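Peer 1: can you look at this prediction? I've put the sequence above it.
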Amino acid sequence: MRRDGGVVVIGEDVAEGGPYGATRDLVAEFGDRRVIDTPISEAAVTGVAVGAALSGWRPVVEIMFIDFITLALDQLVNHAAKARYMSGGQLRVPLVLRTQGGAGVRSGAQHSQSLEAWLAHVPGLAVVMPATPADAAGLLRAAIRADDPVVVVENKALYYEKGEVADGALVPIGAAVTRRDGRDVTVVATSRLVGEALAAADELAAEGVSVEVIDPRTINPLDRETILRSVSRTTRLVVAHEAATIGGFGAEVAAMVAEEAIDRLAAPIVRVGAPFTPVPASPVLEDAYLVGRREIADAVRRVLRW
Amino acid sequence: MWLLRAFEERVSELVGTGEVSGLVHLSIGQEAVAVGVMDALRASDVVYSSHRAHGHFLARGSDPGRVLAEVMGRRDGLCGGKGGSMHLVDREHGLLGASGVVGGTIPLALGSALVARDAGRGDVAVVFFGDGAAQTGHFHESLNLASLWSLPVLLVCENNGYAEFTPRSAHTKVAHVVGLAAPYRIAARVVDGNDVLAVLDGARELVAVCRAGNGPALLECLTYRLRGHYEGDPAKYREATELAEWREKDPLLRFAPRVSADEAVAAEREARAMVERATVFARQSPFPDPRELTTDVRDPLRNVNG
């Protein structure tokens, strides 16, 4: 925001900092002209951000919980994502939509979802999912500088993670990172499950299993090369995310690898994801719903046993 | 007005010959609204349109040949054939978008108005929509936002009495759309939308309100579409007597006494000649190269920062 006066933040309670403090203190430095609090009107507010982007600003619109993106999808999907294409390239929409998803906070089915696969299916949108503080900053910075709309999906459970963040660093959109090198199995994991995959890899190392962990960081456009290179070497693949397995982003990764490298695979691909239910509120049920290191480790053992 | 009429009669013919395909919504009978409002604007204002868009573009100065070529899916169309009738854009003329989603452009105009307010040059944003859009959440959320932020946006409702196939009375108990302005403390006027001078007078007054920083404003233009909702709609939901009554109130007939018979004949002749030239231009324009399919959109296989 210091670099570009056209960058504005707009959304519900952004001046107050939001429920997780993501925009805390911005208004003190940039004022209410650039940190714009809005009524609870997700559809129109997202449209306002798209219109402001069409008129030259670089708005960062916040949807407080990804669950509420349903209300903003017309503007995001029918307008922001398509304006450049439908106009034959006359228009650009340098819009960032920041939101957060994920379960684990006992808030039930309408404040806990993982809906990123919907968005990754829309031509014209990029979707990034940071798993570390450095990526949260670096991807957001890259998203703000991109000339087309980018959806940044954070995970609420990760807001309490601490990590080094280099000043001004950019993390390129569309570039995966290998979080851990390994020989036996590739685990492609997103967002909160990156840390879970690393924990599973530690556990499996004690069993003599070497796990490579890849964090795509951007789920569309997907860095296929990094994944294919790894799988070609390890010959085994597990894909893990918090969202439901059915129709999830993992299905895209699995299909892509099957199309491009099935001859390199020594075992069927295994997906780790949530059961196909809404997110329950009760702690006992939610714990049963959530997948993590145990499910990833079990999946790795399965592909190794095959 | 004669140009708009001649142009859309030609589009109707081209639907008949199969040269125009897809859903096409004509504004025959509503020409006075587009012409009257555009005459009240200046070049630096921005305009958003609706699914019934051709007249707005022509009245704002878009080249008829390029509009027709777009409606015909040709390469020299405003959007290279990618937008079509419902998604016209002409950035050079400050026409930043039409939308096939009823009410979808209303918040976009607020976004452009927010940028204009901030720039402080007195520019306004204008958005055209039908009475059907007045029942959408986009409209109601936008009334509140525009009012709350005192945005320089002129909301132009083309009230033609029908939302798609259904009369207004079946959709709302609010007799006039301007009835919704008072609760939000928005300046509003109802004008005879078939009287171009009444529209111009109303638009001038309300544009001045917006330019002075006292926006937003709502202009309701009472009009009637003499064709169906889309070309091919038999419009059996309307009585023949109703149609006949409105034919008497045709905006071209209404305006005719304001000019001499010679002037009227000359205007119509010139309009028809322009439409002939536009038709020749559009017919001669090739269809887009199939390779254009994947341009003007993010490449899913490539990093998007470049």
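Peer 2: Thanks, I have it. Residues are numbered from 1 along each chain as shown, chains lettered A, B, ... in the order given.

Peer 1: for residue B:8, which non-adjacent residue is spatially closest?
Peer 2: Using CB to CB, 6 or more residues apart in numbering or on different chains and skipping residues adjacent in sequence, the residue nearest residue B:8 is residue B:26, 4.6 Å away. Quick note: C-beta positions are derived from backbone N, CA and C, even for glycine.

Peer 1: ok, residue A:23 next?
Peer 2: Once flanking residues are discounted, residue A:23 sits nearest to residue A:14: 4.5 Å by CB to CB, 6+ apart.

Peer 1: tell me the contacts of the residue nearest to residue B:8?
Peer 2: Listed by CB atoms under 8 Å, 6 or more residues apart in numbering or on different chains, the contact set of residue B:26 reads B:8, B:11, B:12, B:52, B:54, B:225, B:227, B:231.

Peer 1: what's the pLDDT at the nearest residue to residue B:212 once chain neighbours are set aside?
Peer 2: Nearest-residue entry for residue B:212: residue B:122, 7.9 Å, with adjacent residues in sequence omitted and distances by CB to CB, 6+ apart. Note for residue B:122: predicted pLDDT of 97.

Peer 1: count of residues packed around residue B:122?
Peer 2: 17 (other CB atoms under 10 Å in any protein chain shown).

Peer 1: same check on residue B:172?
Peer 2: Residue B:172 has 15 neighbouring residues, counting by other CB under 10 Å.

Peer 1: that one contacts residue B:136, correct?
Peer 2: No. Residue B:172 lies out of contact with residue B:136 (CB atoms under 8 Å); the separation is 11.4 Å.

Peer 1: next one: the residue nearest to residue A:23 from residue A:32, what distance?
Peer 2: Applying CB to CB, to the nearest Å, the value for residue A:14 to residue A:32 is 10 Å.

Peer 1: quick check: chain neighbours aside, which residue is closest to the residue nearest to the spatial centre of chain A?
Peer 2: Centroid-nearest residue in chain A: residue A:129, 2.1 Å away (criterion: CA atoms, centre = their mean). Excluding the flanking residues, the one nearest residue A:129 by CB to CB, 6+ apart is residue A:191, at 4.5 Å.

Peer 1: what residues are up against the one you found?
Peer 2: Counting by CB under 8 Å, 6+ apart, residue A:191 touches A:102, A:129, A:130, A:131, A:153, A:154, A:155, A:158, A:241, A:242.

Peer 1: one more: residue A:139?
Peer 2: So residue A:139 contacts A:128, A:130, A:152, A:171, A:173, A:217, A:218 (CB under 8 Å, 6+ apart).

Peer 1: partner strands of the lowest-mean-pLDDT helix or strand in chain B, with direction?
Peer 2: Every helix and strand of chain B was ranked by mean pLDDT, DSSP states H and E. The lowest is strand B:162-163, at a mean of 86. Using DSSP bridges, strand B:162-163 pairs in its sheet with strand B:166-167 (antiparallel).

Peer 1: quick one: name the residues of the stretch 1-150 of chain B near chain A.
Peer 2: Applying CB under 8 Å from any CB of the partner chain, we find that the stretch 1-150 of chain B lies next to chain A at B:46, B:48, B:77-83, B:87, B:89-91, B:96-97, B:99-101, B:104-116, B:118, B:125, B:137-138, B:141-142, B:144-145, B:148.

Peer 1: pretty sure residue B:41 sits against residue B:47.
Peer 2: Yes. When contacts are counted by CB under 8 Å, residue B:41 is listed as touching residue B:47 (7.1 Å).

Peer 1: okay, helices next: where are they in the stretch 1-150 of chain B?
Peer 2: B:2-17, B:31-39, B:54-60, B:64-71, B:106-119, B:137-148 (DSSP state H, counting those that start in this stretch).

Peer 1: if we can go back for a sec, show the pLDDT at the residue nearest to residue A:23.
Peer 2: 95.

Peer 1: for it, give its distance to residue A:94.
Peer 2: Distance of residue A:14 to residue A:94, given as CB to CB: 18 Å.

Peer 1: neighbour-wise, which of those two wins?
Peer 2: Shown here are residue A:14 and residue A:94; by other CB under 10 Å, residue A:14 has more neighbours (25 against 21).

Peer 1: surely the more buried one forms part of a helix?
Peer 2: No. The assignment for residue A:14 (DSSP: H, G, I helix; E, B strand; the rest coil) gives coil, which keeps it out of a helix.

Peer 1: and residue B:128, how many neighbours?
Peer 2: Residues contacting residue B:128 under the criterion other CB under 10 Å number 30.

Peer 1: quick check: it touching residue B:41?
Peer 2: No. The pair residue B:128 / residue B:41 is not scored as a contact, 11.8 Å apart, by CB under 8 Å.

Peer 1: biggest strand in chain A, by residue count?
Peer 2: Across chain A, the strand with the greatest residue count (assigned by DSSP state E) is strand A:237-244.

Peer 1: alpha carbons of that one, as CSV, please.
Peer 2: Provided in CSV are the C-alpha atoms of strand A:237-244 (Å, rounded to 0.1, in the frame of the first residue of the first chain):
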residue,chain,number,x,y,z
LEU,A,237,1.6,-39.9,-4.9
VAL,A,238,-0.6,-38.8,-2.0
VAL,A,239,-2.7,-35.6,-2.4
ALA,A,240,-4.0,-34.0,0.8
HIS,A,241,-6.3,-31.1,1.5
GLU,A,242,-8.8,-30.1,4.2
ALA,A,243,-11.7,-29.9,1.7
ALA,A,244,-13.9,-32.8,0.9
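
Peer 1: any idea how far the helix or strand just after that strand is from the chain center?
Peer 2: Counting by DSSP states H and E, the next helix or strand C-terminal to strand A:237-244 is helix A:249-261. Remark: helix A:249-261 is offset 18 Å from the chain centroid, using CA atoms, centre = their mean, to the nearest Å.

Peer 1: name the residues that touch helix A:249-261?
Peer 2: Contact with helix A:249-261 is made by A:116-117, A:120, A:188, A:190, A:216, A:219, A:222, A:224, A:227-228, A:231-232, A:237, A:239-241, A:243, A:245, A:265, A:269, A:271-273, as judged by CB under 8 Å, 6+ apart.

Peer 1: buried stuff in that helix?
Peer 2: A:249, A:250, A:251, A:252, A:253, A:254, A:257, A:261 (16 or more other CB atoms under 10 Å in any protein chain shown).

Peer 1: avg pLDDT for stretch A:158-169?
Peer 2: pLDDT averaged over stretch A:158-169 gives 92.

Peer 1: brain fart, stretch B:286-305
Peer 2: The predicted model gives stretch B:286-305 an average pLDDT of 83.

Peer 1: swap in stretch A:273-284?
Peer 2: Taken as a whole, stretch A:273-284 has an average pLDDT of 98.

Peer 1: start to end distance for it?
Peer 2: 18 Å (CA to CA, to the nearest Å).

Peer 1: next: stretch B:207-217.
Peer 2: 8 Å.

Peer 1: again, but for stretch A:62-76
Peer 2: Stretch A:62-76 has an end-to-end distance of 12 Å (CA to CA).

Peer 1: now it, how far from the chain's geometric center?
Peer 2: 15 Å.

Peer 1: try stretch B:31-46
Peer 2: Mean-position distance between stretch B:31-46 and its chain equals 10 Å (CA atoms, centre = their mean).

Peer 1: next: stretch A:17-36.
Peer 2: For stretch A:17-36, the distance to the chain centre is 22 Å (CA atoms, centre = their mean).

Peer 1: before we move on, what about stretch A:234-244?
Peer 2: Centroid separation between stretch A:234-244 and its chain, computed with CA atoms, centre = their mean, is 15 Å.

Peer 1: and the stretch 151-300 of chain B, which residues reach chain A?
Peer 2: Neighbours of chain A within the stretch 151-300 of chain B, by CB under 8 Å from any CB: B:295, B:296, B:297, B:298, B:299, B:300.

Peer 1: out of those residues, which are buried?
Peer 2: B:296, B:297, B:298.

Peer 1: save those as CSV, and put in secondary structure and distance to residue B:258 too.
Peer 2: Formatted as CSV, those follow (DSSP: H, G, I helix; E, B strand; the rest coil; distance: CB to CB, whole Å):
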residue, secondary structure, distance to residue B:258
B:296, coil, 44
B:297, coil, 47
B:298, coil, 51
